[in-house]
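[1] Show me the folded form of this:
(chains A and B)
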Amino acid sequence: MNLSKDLMAASSTPIVLGVIAEGETYGYEIVKRVEELSGGALQWTDGMLYPLLHRLEKQGYLTSRWLVGDSNRKRKYYAITDEGMATLNEQRQQWQVINKALNQIWRDMTRSDDHDVQFV
Amino acid sequence: MMSNSSNQPFELEQNIAQWREFVLRRAAILEEDADELESHLRDQIDALLERGLHVDEAFLVATKRIGNLEAVSKEYAEVHAGRLWRNIVWGGDKQSWNTDFYLALLLACCAAVLFHLPKLFGFTPETHEWVFARNFMLFCLPMLGAYYVVKHQLGQRGWYWLIVASLGIATVINLMPWQDPSATQSLSLLHLPLFLWFLVGILYTGNWWQTDGRRMDFVRYSGEYAIYFVLLALGGAVLTALTIGMFSFIGMNIEWFAQQWLIPSGVMGAVIIVGWLVEAKQGAVENMAPVLARIFTPLFTLLLLTFLVIMLVSGRTFDVERELLIGLDALLIVVLGLVLYAVSSRESGKAPSLFDRLQWLLIVSALLVDLLALAAIASRIADMGFTANRTAALGENLILLVSLSGYAWLYWQFIRGQWSFALLEQWQTRLIPVYAIWAAIVVFIFPLIFGF
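    Numbering: from 1, shown residues only, chains lettered A, B, ... in the order given. Model prediction:
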C-alpha cells in the first residue's frame, strides 16, 4: 500500500520521536523499527530520515552523539530530550483525537453498509 | 557474508568511496552528514548480504533505498538554511558567472548615469545638495533590485513591484514640503537607505521572505554585503588617490574630476557590483566573516565596558550630551549588527563555546549602555519636551532595549544548556520586520508629525 505524501509527512515526526523515546538509537535502526512496527507498510526513503532527524535536533527535541558501536562502525546516536518528550505527548493527544474520530466514522460506515445489505 | 565479499574484494569499498564523493558534491551535505549516510549504507548492505544478495546487488539496492540524492540534499538544505545559502551559489551553473557580471556591469553603468542625469537640468550636488541627499539611494538601490529580479527570475511581478515601489517612494520623498534644512528631513533621509535595504531584501529573497530560514539568509547577505562594500571602497579610495597623485606629478590637477565624476560614479556602480560579488564569490568571504565577528566581538565588549566604567566613575551618567547620545546610538546599532551577523553565521547545532559567553557579555554591556542612553533621553524629554530627534532616539533605544534583552535572555539560557540555539535564531528573524517598520515610520510618518 502506498501511503500519501501528506500523511507520511504529518506522521513522521511522532513516529520518529516515538521510536527514539524507546531508547537511544541511530538512523538505520529507526528505519528498521518503523518497518517492523508497520508490518512493512511504511517504507521511507532512507535518505530523507536524516534531514528530519537534524530538524528535530535543531528544534531541541533530540540530542545526538557519535558512538562506535558493534562491528566497529561509527554511528550517530539520537536521544530524546524533555522538550521532545513534551512534543511527543502533545502529538499523541492530537493523533488520538483524529484516531477516535476516524474510528467512529469507520464504525458508522460499516454499520450503514450492513444496514444496506439487510435492506436489499 | 564474508565468502560473498571475498569474490570481489575491492569493488565494494571502491563503490562506496565513489558514492560518498558523489554525495559530498552537494553543498548542503557536509562531511559529517556523509559519514552518517555512509554508516547507514553499510548497515543496509550488511543486512542485504545476510539475506544472500551478491555484493553488487546489495550495493545497488542500498543506494536506491537512500533515495534520490537531489531530493535528499534539498531536504538537508531546507533544514540547514545556512547551507542552502551556499547552495544558491555553488549549486548553480558556474558558466553563468560571466553573463551575471555583464548584467551587473550594465546596471552599475545605469546607476552612474542616473546620478549624473540631473546635471543636464542644472541640478548639481553642489547647488542642490538636499535634492541629491533625497535621491542618491534611489539611483542605485532599484538597480540592485533589478539585478535580483533578473537573476532570481522573479518575472513580471518582480518588475511591477520594483518599479511601483521605486517610483512611489521617489514621488513621496520628493513631494514632501521639506523645510530645509530640518532635523526631520535629516532623520528621514538617514533612515531611508535602511528602509530601502529591506525592500532590496524582499527582492533578494524572492517570495520566501515569510520563512525564518530565508530571513536569516537576508541577514547573512547583508553582512557579506557590508564587508564586500568596505573592501571595494578601500580599493576605490586607493585607486582615486593614486590617479590624482599621478596626474599631479605631470602638473595636471584632476581633483575636480575625481570629486564630481569618478567618486560618485564609482560609489553608484559599486552598490550593484557588490550585489553581484556577494552572490558569485560567496565562498571567499564565508570563511572570513565569522573570524571578523570573533575578532571584533571582544574588542567592542571592551570598548562598551570601559565606557560604562568611566561614565559611572566620573558620575556623568545623566547629563549625557546630545552628540554623545548620537554616537552611542550609532555604536549600539553597529553592535546589534555584529550580533545579528554572528548569530547568522553560527552553525546552530554546536554546543555553547567560549565565544558564546563573550557574545553574551557584549550583549549585556550593550544593554547597559542602552539603559544609560534611555535614561539620558528620558531626562532630556522631561526637561525640554519632544522633538523629532529625541523621539527618534527614544524609539530606537526602546527597540534596542527589547531586542537586546531578548538576546541576553536567550543566550543565557542557551549557555546554561536549557534552550536550543534555534530559539535565539527565531528571536532574531522575527524581529527583522520590527526594524523595517520602524525605519518606515521615521521616513514617512515623522515628517507628518513634526511638520517636515
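
[2] From now on I want contacts and neighbour counts done on CA atoms only, so please keep to that.
    Noted.

[3] Outside of stretch B:389-403 itself, list whatever touches it.
    With C-alpha atoms under 8 Å, 6 or more residues apart in numbering or on different chains as the test, stretch B:389-403 has contacts from B:183-184, B:187, B:329, B:332, B:367, B:370-371, B:373-374, B:377-378, B:380-381, B:431, B:435, B:442.

[4] And for stretch A:5-20?
    Contacts of stretch A:5-20 (C-alpha under 8 Å, 6+ apart): A:Ile30, A:Arg33, A:Val34, A:Leu52, A:Tyr78, A:Ala79, A:Ile80, A:Gly84, A:Met85, A:Leu88, A:Gln91, A:Arg92.

[5] Poorly predicted segments of the chain, please.
    If you meant another chain, say so; for now it's chain A. For chain A, applying pLDDT under 70 flags the ranges A:1, A:69-70, A:114-120.

[6] my bad, chain B
    For chain B, the stretches flagged by pLDDT under 70 are B:1-10, B:81-97, B:180, B:206-210, B:281-287, B:316-320.

[7] Would you mind listing what in it touches chain A?
    Proximity of chain B to chain A is confined to B:36-37, B:39-40, B:43-44, B:65-67, B:69, B:72, B:75-76, B:79, B:348-349, B:419-423 under the rule C-alpha under 8 Å from any C-alpha of the partner chain.

[8] Just want the most central residue of chain A.
    The residue lying closest to the centre of chain A (C-alpha atoms, centre = their mean) is A:Ile15, at 1.5 Å.

[9] That one sits in which helix or strand?
    Using DSSP states H and E, A:Ile15 sits within helix A:5-21.

[10] Can you turn the buried subset of the contacts of stretch A:5-20 into a selection I can paste into ChimeraX?
    Those of the contacts of stretch A:5-20 that count as buried under 16 or more other C-alpha atoms under 10 Å in any protein chain shown are selected in ChimeraX with:
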select /A:30,33,34,52,78,79,80,84,85,88,91
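
[11] Now, the contacts of stretch A:5-20 that are in helices?
    Using DSSP state H, the members of the contacts of stretch A:5-20 that fall in helices are A:Ile30, A:Arg33, A:Val34, A:Leu52, A:Gly84, A:Met85, A:Leu88, A:Gln91, A:Arg92.

[12] all helices in the stretch 101-250 of chain B, in order from the N-terminus.
    Assigned by DSSP state H, counting those that start in this stretch, the helices in the stretch 101-250 of chain B fall at B:129-151, B:155-175, B:183-205, B:212-249.

[13] What parts of chain A come near chain B?
    Counting by C-alpha under 8 Å from any C-alpha, chain A sits next to chain B at A:27-28, A:45-48, A:50-52, A:54-55, A:57-60, A:73-76.

[14] who's in contact with the residue in the stretch 51-200 of chain B that chain A sits nearest to?
    Closest to chain A within the stretch 51-200 of chain B is B:Ile66: 4.3 Å, counting by C-alpha to the nearest C-alpha. Listed by C-alpha under 8 Å, 6+ apart, the contact set of B:Ile66 reads A:Thr45, A:Asp46, A:Gly47, A:Met48, B:Leu41.

[15] Pull the number of nearby residues for B:Gln18.
    When neighbours are defined as other C-alpha atoms under 10 Å in any protein chain shown, B:Gln18 has 12 of them.

[16] check which helix or strand covers it.
    Residue-wise, B:Gln18 maps onto helix B:11-24 under DSSP H and E.

[17] immediately after that helix, which helix or strand?
    Later in the chain than helix B:11-24, the nearest helix or strand by DSSP H and E is helix B:31-50.

[18] residues near the closest residue to chain A within the stretch 151-300 of chain B, how many?
    Nearest residue of the stretch 151-300 of chain B to chain A, counting by C-alpha to the nearest C-alpha: B:Gly213, 12.2 Å away. For B:Gly213, the neighbour count with other C-alpha under 10 Å is 21.
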